[in-house]
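Visitor: just coords:
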């Protein structure tokens with residue numbers, strides 16, 4: 001039987017930076033994007049032909065790691081760096 005008087009709270013508080021770093025060095029995100037979106041994520045990227053389908057590999061905090069034209073290449077690069085991959089839609 002549970003007591004309705006008992007309240008639970010987490011003693012730890014997270015800010016946006018803490019949440020962004022959760023999984024850093026362990027998790028990477030694979031995100032499909034068009035070449036039109038690349039500059040937003042990869043500011044140093046060269047000009048690309050418009051309308052290309054590409055895949056970005058991003059760290060858990062959203063930092064860019066790799067840009068490729070193949071999802072398999074993005075996943076393989078993550079695995080080579082011992083990163084678990086998840087997809088972002």
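Guide: Good, I have the coordinates. Nothing here was measured: the structure is a model prediction, and the numbers come from that model.

Visitor: Could you check how far residue 57 is from residue 5?
Guide: From residue 57 over to residue 5 the distance is 49 Å, taken as CB to CB, to the nearest Å. Where C-beta positions appear, they are placed from N, C-alpha and C, glycine not excepted.

Visitor: Run a quick neighbour tally on the residue lying closest to residue 71 once chain neighbours are set aside.
Guide: Excluding its sequence neighbours, the residue lying closest to residue 71 (CB to CB, 6 or more residues apart in numbering) is residue 55, at 4.9 Å. Neighbour count of residue 55, defined by other CB atoms under 10 Å: 19.

Visitor: average pLDDT across the longest helix that the chain contains?
Guide: Looking across the chain with DSSP state H, the single longest helix is helix 71-80. For helix 71-80, mean pLDDT rounds to 95.

Visitor: which residues are in contact with stretch 40-55?
Guide: With CB atoms under 8 Å, 6 or more residues apart in numbering as the contact definition, stretch 40-55 has outside contacts at 30-36, 38-39, 56, 58, 64, 67-71, 73-74.
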